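I'll drop the sequence and a predicted model, then ask my questions.
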Amino acid sequence: MISNQRLQDTLAAFDAANLQDPNSEIVEGKTVAKEWIYAQRMSAQLSRFCPDASEALQLATRSQHICRWKIPRSDYPMDRSGYKKWRLDLAQMHGDIAGEIMAAQGYDETIISRVKDLLLKRSLKRDEEVQTLEDVICLVFIEFYLEDFASKHDEVKLIDIIRKTWNKMSPTGHDAALKLPLSDSMLALVGKALSPDT
């Protein structure tokens, strides 16, 4: 899917930025930077979900959480409005950092603006590429982060989160989600969340 040298160099520069993350997780016995591995998972999921993704979509996918640690959630009020403001500030920061890196690699303002629009989720449900990015985000969350999330919350909260995640996804995203290699407990939880009787 990576089609040219400039794209490869820019993705590598995104990766270099994410490797500075002071937060880490253990993957296959190795300690890796948290946002670096997230970015790898995002690109891998995009290549499966949308193998013909445009260059802008590939760039937005890899930079979805770029340098996320620079704006901690704890800097904002722990309520819904604080959460929304945090998420908006993050998206703008991700776009600014990605844009600076892209400009340094020779991209013009047209594609930089497009990547920023994708990261800000402009026209979700109306813009096919924004919806594809949202599907990929949700698929990565379900496959790699739902189980850890489940260990910290009660079932009522989890079912609500899964339903909200599901509502953000397209029918194609739903089909892909049902094919993810989830544990039996996570499959059961997703099934319960999607049941009209729950």
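On my side now, so go ahead.

Just confirm Thr31 is within a strand.
Yes: counting by DSSP: H, G, I helix; E, B strand; the rest coil, Thr31 falls inside a strand.

Relative to Ala91, how far out is the residue sitting nearest the centre point of the chain?
The C-alpha lying nearest the average C-alpha coordinate of the chain belongs to Ile137 (Cα atoms, centre = their mean; 3.6 Å). From Ile137 across to Ala91, the span is 12 Å (Cβ to Cβ, to the nearest Å). (C-beta placed from N, C-alpha, C; glycine too.)

what helices or strands is the longest helix along the chain leaning on?
Secondary structure of the chain per DSSP state H: the longest helix is helix 80-104. Contact here means 3 or more Cβ pairs under 8 Å, 6 or more residues apart in numbering; DSSP states H and E; on that basis helix 80-104 packs against helix 5-18, helix 55-62, helix 109-119.

Go through those helices and name the closest to Ser170.
helix 55-62 (14.3 Å; Cβ to Cβ).

Show the average pLDDT along that closest one.
In this model, helix 55-62 has a mean pLDDT of 98.

hmm, back to that, determine the residues that are contacts of both of Ile137 and Ala91.
Counting by Cβ atoms under 8 Å, 6 or more residues apart in numbering, Ile137 and Ala91 have no shared contacts at all.
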